[in-house]
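Chemist: Fold the following for me, if possible:
(one chain, ligands or ions: 1)
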Amino acid sequence: MQVPFLSLHDVTAIHGEEIREAAHRVIDSGWYLQGKENELFEQHYAEYIGTKYCIGCANGLDALIWIFRAYIELGVMQPGDEVIVPANTYIATILAITENDLKPVLIEPKPETLEIDDNLIETAITPRTKAICIVHLYGRCAMTEKIADLCKKYNLKLIEDNAQAHGCRAPQSPKGGVDLADPILYPLLKDFANHNRHNPTEAEEVLWSLLSHRKSKSPSGDLGAYKFRRQHIIDRYIADFACLDNKLIIEVDGKYHNLNGQAEEDAIRTQVIEKYGYRILRFTNEEVLCDTDNTMRKIMTACQTPPSGGLGGRTGSLGDAAGHSFYPGKNLGALGDAGAVTTNDEELAKAIRALANYGSQKKYVFKYTGRNSRLDEIQAAILDVKLKYLDEDITKRQEVAAYYYDHISNPLIEFPTRLPNENNVYHLFPIIVKEGKRDALHDYLAEKGIGTVIHYPIAPHKQECYAKAAWNHYNTSSPLQGEVGKGLPITEILADSELSLPISPCLKSEQIEYVVKKINQFR
Ligand SMILES: *Cc1c(COP(=O)(O)O)cnc(C)c1O
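Modeler: Numbering: from 1, shown residues only. Predicted structure coming up:
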């Protein structure tokens with residue numbers, strides 16, 4: 001039996017007819033760049049990821065390059081500034097940093113998850129650190145609460161390399177609920193919340209009757225799509241009203257707003273709640289009671305704005321900006337090169353759109369020395385078709401992964417830890433082969449007709465292109481290493497022991513069973 005590592009022919013064939021139709025539509029339209037296919041795909045992808053803006057560009061590397069370049073153009077970063085980044089990543093992540101004359105500061109992964117070790121980040125932060133660039137490697141979310149806290153504490157930009165994890169969500173439950181409540185305070189908070197629910201203020205009562213649709217029509221349109229709860233517990237706080245799907249909280253103040261220290265307390269409360277990706281709208285009692293229409297209009301507008309990510313959101317919406325690759329082999333792949341940036345930052349979005357189009361915001365007027373890095377209409381049209389099926393395709397990948405986890409049992413093989421509700425989208429299925437037998441397993445499987453690939457055989461800091469880089473004190477064989485060279489042992493061991501098994505939405509069960517059987521027979 002043949003099990004190719006990845007058959008792009010088969011992947012395209014799943015939605016072949018619709019893809020062909022989309023391509024023909026563009027061919028016949030006579031419009032091939034910067035048209036309505038780009039506009040539609042950008043809009044749909046931004047909605048899917050959960051950001052305000054999406055800017056299509058030529059490929060994933062460019063997407064990352066443009067994010068750093070835009071921050072430099074906007075004066076947020078300067079050449080020579082440091083960017084914290086995982087040491088075990090595809091080289092594009094590092095190239096985007098060095099291309100902008102920024103300095104990569106490499107962090108080892110956690111051996112259990114293969115994602116950046118958030119315990120090692122804080123000691124690597126210096127006064128020149130301007131950003132943390134996380135990579136959702138292999139399709140697993142690398143974002144943690146600790147990383148969010150560090151970004152706040154040191155005022156760092158958080159950039160996501162989402163080339164491998166389209167569709168993945170941060171592990172916090174997007175629904176919120178009890179799991180977002182502080183476990184120790186929960187019993188106490190629950191009693192408070194219950195009490196409040198039975199004793200609403202007048203303003204709360206009025207707002208609840210509108211939000212709960214007991215009065216059928218709100219003045220500003222139909223809020224019916226948005227389901228609110230009242231007295232909802234998040235962390236150590238009780239929110240007056242919360243829309244969990246849309247990550248929106250509404251607070252009606254007025255009880256204590258003139259008391260000393262209330263502003264400070266509100267600021268802390270806001271910070272804690274925003275950590276979970278929630279936004280807070282605050283109204284006074286008077287606004288709710290005397291200007292109800294306007295209050296409802298503001299709520300409607302907020303409901304129609306997508307939530308800005310945070311824990312529980314999709315990867316690509318968790319930080320300040322994210323680079324996405326639609327290289328054909330990625331979970332959402334074009335039939336050629338393509339990429340995009342997602343962000344909620346309007347200024348950044350504008351700068352990136354210009355940079356990827358020669359640096360121009362207006363025809364024949366050039367604000368930046370940009371490049372030509374645009375997304376083809378034909379690729380945008382194809383991506384828009386495939387985006388519709390992405391979640392379905394991910395489910396299939398997860399089924400293949402579950403089968404591997406449950407059936408591969410060979411003492412020579414270790415898996416990255418499978419965490420509860422981690423929402424891995426399995427762009428790749430990495431295994432660790434012990435006793436130096438990785439290459440032997442690769443060759444053995446190749447003989448049996450099974451394709452496997454190493455991700456990645458040489459870590460970025462060991463690559464020839466960075467052998468003489470001034471920042472590269474990690475490479476123990478670098479001529480410049482001097483005293484600081486200490487290597488990156490976990491990353492280097494990974495490069496020698498990782499092997500990726502076939503995984504895709506179109507593998508057949510016989511193929512998956514065959515892979516498992518052959519692996520289990522390997523000695
Ligand atoms: C694929 C990939 C990229 C680069 O994307 P291209 O579209 O090939 O330029 C960047 N980072 C990671 C982690 C990748 O896997």
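Chemist: Do me a favour and get the end-to-end distance for stretch 341-351?
Modeler: In terms of Cα to Cα, to the nearest Å, the two terminal residues of stretch 341-351 are separated by 11 Å.
Chemist: wait, stretch 423-432
Modeler: When the termini of stretch 423-432 are compared using Cα to Cα, they are 21 Å apart.
Chemist: which residues touch that stretch?
Modeler: 114, 138-141, 164-171, 330-331, 394, 397-398, 400-401, 404, 408, 413-416, 418, 455, 494, 497-503 (Cβ atoms under 8 Å, 6 or more residues apart in numbering). For the C-beta atoms, the positions are set from N, CA and C on the backbone; glycine is no exception.
Chemist: In the stretch 1-150 of the chain, where is pLDDT below threshold?
Modeler: By pLDDT under 70, the stretch 1-150 of the chain contains no weakly predicted segment.
Chemist: what's the closest non-adjacent residue to whichever residue of it sits closest to the ligand?
Modeler: Closest contact between the stretch 1-150 of the chain and the ligand, by Cβ to the nearest ligand atom, is at G60 (2.4 Å). Excluding its sequence neighbours, the residue lying closest to G60 (Cβ to Cβ, 6 or more residues apart in numbering) is S325, at 2.3 Å.
Chemist: measure the one you found to the ligand for me?
Modeler: To the ligand, S325 is 3 Å away according to Cβ to the nearest ligand atom, to the nearest Å.
Chemist: Could you count how many residues lie near the residue of the stretch 351-500 of the chain found nearest the ligand?
Modeler: The stretch 351-500 of the chain approaches the ligand most closely through H427 (7.6 Å), counting by Cβ to the nearest ligand atom. Other residues within reach of H427, judged by other Cβ atoms under 10 Å, total 27.
Chemist: what's the spacing between it and Y403?
Modeler: From H427 across to Y403, the span is 17 Å (Cβ to Cβ, to the nearest Å).
Chemist: what helices or strands is the helix or strand hosting I55 leaning on?
Modeler: The secondary structure element spanning I55 is strand 53-57 (assigned by DSSP states H and E). Other elements packing on strand 53-57 under the criterion 3 or more Cβ pairs under 8 Å, 6 or more residues apart in numbering; DSSP states H and E are helix 36-49, helix 60-73, strand 339-343, helix 346-355.
Chemist: list the buried ones in the first one?
Modeler: It stands for helix 36-49. Residues of helix 36-49 classed as buried under the neighbour-count rule (16 or more other Cβ atoms under 10 Å) are E37, N38, F41, E42, H44, Y45, A46, Y48, I49.
Chemist: Could you dump those residues into JSON lines and include distance to the ligand?
Modeler: Compiled in JSON lines, the buried residues of helix 36-49 are given as follows (distance: Cβ to the nearest ligand atom, whole Å):
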{"residue": "E37", "distance to the ligand": "19"}
{"residue": "N38", "distance to the ligand": "17"}
{"residue": "F41", "distance to the ligand": "15"}
{"residue": "E42", "distance to the ligand": "17"}
{"residue": "H44", "distance to the ligand": "19"}
{"residue": "Y45", "distance to the ligand": "15"}
{"residue": "A46", "distance to the ligand": "19"}
{"residue": "Y48", "distance to the ligand": "18"}
{"residue": "I49", "distance to the ligand": "16"}
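Chemist: thinking again about what came up before, would you double-check that the residue of the stretch 351-500 of the chain closest to the ligand falls in a strand?
Modeler: No: when classified by DSSP: H, G, I helix; E, B strand; the rest coil, H427 is found to be coil rather than part of a strand.
Chemist: hmm, back to that, could you count how many residues lie near the residue nearest to G60?
Modeler: By the criterion of other Cβ under 10 Å, S325 has 28 neighbours.
Chemist: Let me see the backbone angles for it.
Modeler: S325 has phi and psi values of phi -110, psi 140 when expressed as degrees, to the nearest 10.
Chemist: Within range of the ligand, give me the residues from the stretch 151-300 of the chain.
Modeler: For the stretch 151-300 of the chain, the residues in contact with the ligand (Cβ under 6 Å from any ligand atom) are D161, A163, Q164.
Chemist: I'd like the distance from the worst-scoring helix or strand of the chain on mean pLDDT to the chain centre, please.
Modeler: Considering only helices and strands, the least confidently modelled element of the chain by mean pLDDT, DSSP states H and E is helix 262-275, at a mean of 80. Distance, stretch centre to chain centre, for helix 262-275: 25 Å (Cα atoms, centre = their mean, to the nearest Å).
Chemist: How about stretch 394-404?
Modeler: In terms of Cα atoms, centre = their mean, the centre of stretch 394-404 is set 20 Å apart from its chain centre.
Chemist: contact partners of it?
Modeler: Contact with stretch 394-404 is made by 139, 167, 331, 415, 424-427, 429, 501, 503-507, 512-513, 515-516, as judged by Cβ under 8 Å, 6+ apart.
Chemist: which ones among those residues are found in strands?
Modeler: For the contacts of stretch 394-404, membership in strands holds for F429, L501, with DSSP state E as the criterion.
Chemist: D345 and D320 touch, don't they?
Modeler: Yes: applying Cβ atoms under 8 Å, one finds D345 in contact with D320, separated by 6.2 Å.
Chemist: so I519 makes contact with K448?
Modeler: No: checked against Cβ under 8 Å, the pair I519 and K448 is beyond contact range at 9.5 Å.
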